[in-house]
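1. Could you work out the structure for the sequence below:
(one chain, ligands or ions: 1)
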Amino acid sequence: MKATLLVLCGLLACSWAKTVPVRTVTYDGDRVFRCNSKEMSKTELAKIFTHDAADMWAERADGTFDVRTLSQQERGADLEAILHSTAACNMVIANVEDYIASFEASARVAAEKVNSPAAWHDDYHTYAEIYAWYQELALEHPDVLHFESTIGESGEGRLQPAVHIAGGSRTNSSRHRIYFQCQIHAREWISGATCMYIVDYLVNSYHTDTRVRELLDTIEFVVVPFTNPDGYTYTWNGDRLWRKNRRINAGSTCRGVDQNRNYNSHWNEGGSSSNPCSETYHGPGPASEPETQNTQNYFRENFPIVGAIDWHSYSQLILRPWGYTSQDSPDESRLSSLGSTMRSLILSVHGMSYTSQKSIGLYPTSGTASDWFYDYEANEGNPFRAAGYTVELRDTGRYGFLLPPTEIIPTGQEMIPAVLEFAESLTRDPLTN
Ligand SMILES: [Zn+2]
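-> Down below sits the predicted model:
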């Protein structure tokens, strides 16, 4: 890793250590409420979950959820009236602008304090920096890491790269594969940072750790670091809390489609919105977005896939199918037991408690990536059926999307044993298609 940093230092003049986001969008007057769904009626819940001024930040296994409302002057007045009228909700952030400003102030202090050159995983990085980092890592480890410059372009023309991690002979194309995609939601920075930590760990442990070596000599990991490169870029140069991609929606001044409601699996069957201004706008049709098409196509090009994870934050959850229905999937007992094992392994590292549950949790979501990974269309032609999960990383709401960079390494560390178990278990005993 040192060599990589030195090479990058030469190329980028170590500028990443000082990169801080620039913001043009403010959140004055927006609030965040924490509600307990167990004390609310179905009607109240439906009103909140489907409201166009609601930005759902987190849902927890204990039945609580966090929701941001737009400032009263914008469109949030009637939503706020609902939230204020129920005893089940408390305001936890009185002004989202102050909340972001204090994160930015501490990020600036951290950036100034960082030793030069900083270790890569001590901070978050821009699209360009991350792209170059993967490229460089592949040059440094040609025996285990293969960099594909693009699997397709985003709506704004950015490349979506992919990396393949495998040891031994690569000529065996029938290797079982594990597919990861990262940063589908732009503001969930810990997602992309954790993917980098995992890739770095696997690549660097190949020659030193027998377990990793045996795994990588048998299977292949396929990782798509930027599922939503335009949205991610916009969180660095405009709006730190942006979630969707950057599509220009015809007939609306609001931009963006929620890519995690756009996959071709029970599209528009609940838990998504047809309003382009909503944070969960599902787009004009299933897989309408170039980024969705690119990742769906790439997934299908990489059979046989035995397992797939879509990495998100926050709430510390391990979510298995389905999101669109509360009915059990045909593999419920297996998926549930694998989720529980992963939960225990995560807990054993730093004592962080994650919850393993069905994706539907409090409320349905449809057209999600992880439902699609497991669904029929995705696995047409796959000799196995991919186990599809969503993992919601740290934390449980103290920092939420603004997780401090000091938590990147511990978050990555606690995922390693769970990722190894996920890969080994599904390789040993794949789901049948
Ligand atoms: Zn997310």
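
2. Quick check: which ranges of the stretch 1-150 of the chain have low pLDDT?
-> Residue ranges of the stretch 1-150 of the chain with pLDDT under 70: 1-18, 110-118.

3. Show the backbone phi and psi for whichever residue of the stretch 201-350 of the chain sits closest to the ion.
-> Ranked by C-beta to the ion, the top residue of the stretch 201-350 of the chain for proximity to the ion is His312, at 3.4 Å. From N, CA and C alone the C-beta is placed, and that goes for glycine too. Dihedral angles of His312 (phi, psi; degrees, to the nearest 10) stand at phi -130, psi 180.

4. ok, what's across the strand from the closest residue to it other than its chain neighbours?
-> In space, and not counting its chain neighbours, His312 is closest to Glu392: 5.0 Å by C-beta to C-beta, 6 or more residues apart in numbering. Per DSSP bridges, residues listed as beta-bridge partners of Glu392: His312, Leu317.

5. Please list all residues in contact with Glu392.
-> By C-beta atoms under 8 Å, 6 or more residues apart in numbering, the residues touching Glu392 are Ala58, His312, Ser313, Tyr314, Ser315, Gln316, Leu317, Ile318, Leu319.

6. Correct me if wrong: the residue of the stretch 201-350 of the chain closest to the ion contacts His185.
-> Yes - assessed by C-beta atoms under 8 Å, His312 is found in contact with His185 at 6.0 Å.

7. Could you name every residue contacting both of the two?
-> Residues within reach of His312 and of His185 at once, by C-beta under 8 Å, 6+ apart, are Ser191, Asn260.

8. Look up how far Ala101 lies from the most centrally placed residue in the chain.
-> Against the mean C-alpha coordinate of the chain, by C-alpha atoms, centre = their mean, the closest residue is His312 at 2.7 Å. Separation of His312 from Ala101 (C-beta to C-beta, to the nearest Å): 25 Å.

9. Please report the distance of the spatially closest residue to Gly256 that is not a sequence neighbour from Arg255.
-> In this structure, Gly256 finds its nearest non-sequential neighbour in Lys244, 3.1 Å apart by C-beta to C-beta, 6+ apart. Separation of Lys244 from Arg255 (C-beta to C-beta) stands at 7 Å.

10. So those two - more neighbours on which side?
-> Neighbour tally, Lys244 and Arg255, criterion other C-beta atoms under 10 Å: the higher count belongs to Lys244, 30 against 19.

11. contacting residues around that one?
-> By C-beta under 8 Å, 6+ apart, Lys244 lies in contact with Ala186, Asn228, Gly231, Arg255, Gly256, Val257, Asp258, Gln259, Glu279, Tyr281.

12. Does the second one touch Trp189 like I think?
-> No - between Asn228 and Trp189 no contact is recorded; they are 12.0 Å apart, counting by C-beta under 8 Å.

13. what do those two both touch?
-> Going by C-beta under 8 Å, 6+ apart, residues that sit against Asn228 and also against Trp189 are Gln183.

14. isn't Tyr399 right up against Ser102?
-> No - counting by C-beta under 8 Å, Tyr399 sits too far from Ser102 to count as a contact (10.3 Å).

15. could you point out which element follows the helix or strand harbouring Cys195?
-> According to DSSP states H and E, Cys195 maps onto helix 189-205. Remark: after helix 189-205, the chain's next helix or strand is helix 210-216, criterion DSSP H and E.

16. How are the strands of the stretch 251-400 of the chain distributed by residue range?
-> Taking DSSP state E, counting those that start in this stretch, the strands of the stretch 251-400 of the chain run over residues 305-313, 317-320, 355-358, 384-385, 387-393.

17. average pLDDT for the first one?
-> Over the span of strand 305-313, the pLDDT mean works out to 98.

18. same thing with stretch 348-358?
-> What stretch 348-358 shows for mean pLDDT is 98.

19. same check, this time on stretch 221-230
-> Across stretch 221-230, pLDDT averages out at 98.

20. farthest-separated two in the contacts of Glu392?
-> The span of the contacts of Glu392, defined through C-beta to C-beta, is set by Ala58 and Ile318 at 14.6 Å.

21. Look at these two and report which has more neighbours.
-> Ranked by neighbour count (other C-beta under 10 Å), Ala58 and Ile318 place Ile318 first, with 25 against 21.

22. can you pull the contacts of that one?
-> Counting by C-beta under 8 Å, 6+ apart, Ile318 touches Gly339, Met342, Arg343, Tyr354, Thr355, Ser356, Gln357, Tyr389, Val391, Glu392.

23. same deal with Gln135?
-> By C-beta under 8 Å, 6+ apart, Gln135 lies in contact with Phe147, Ser149, Pro161.

24. Return a PyMOL selection command for the buried portion of the residues you listed.
-> Paste this into PyMOL to select the buried members of those, with burial taken from 16 or more other C-beta atoms under 10 Å:
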select buried, resi 147+161
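
25. Save the contacts of Gln135 as JSON lines, and put in distance to the ion and secondary structure too.
-> Shown next, in JSON lines, are the contacts of Gln135 (distance: C-beta to the ion, whole Å; DSSP: H, G, I helix; E, B strand; the rest coil):
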{"residue": "Phe147", "distance to the ion": "26", "secondary structure": "strand"}
{"residue": "Ser149", "distance to the ion": "26", "secondary structure": "coil"}
{"residue": "Pro161", "distance to the ion": "21", "secondary structure": "coil"}
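
26. if we can go back for a sec, tell me the mean pLDDT over the helix holding Cys195?
-> 98.

27. got the CA coordinates for it in CSV?
-> This file holds the C-alpha atoms of helix 189-205, laid out as CSV (Å, rounded to 0.1, in the frame of the first residue of the first chain):
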residue,chain,number,x,y,z
TRP,A,189,-19.9,8.0,1.6
ILE,A,190,-19.0,5.1,4.0
SER,A,191,-20.3,2.7,1.3
GLY,A,192,-17.6,3.5,-1.2
ALA,A,193,-14.9,3.9,1.5
THR,A,194,-15.8,0.4,2.9
CYS,A,195,-15.6,-1.2,-0.6
MET,A,196,-12.1,0.3,-1.0
TYR,A,197,-11.1,-1.1,2.4
ILE,A,198,-12.4,-4.6,1.5
VAL,A,199,-10.7,-4.6,-1.9
ASP,A,200,-7.4,-3.3,-0.4
TYR,A,201,-7.6,-6.0,2.3
LEU,A,202,-8.2,-8.9,-0.1
VAL,A,203,-5.5,-7.8,-2.4
ASN,A,204,-2.9,-7.2,0.3
SER,A,205,-3.8,-10.4,2.2
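
28. I appreciate the help and will end here.
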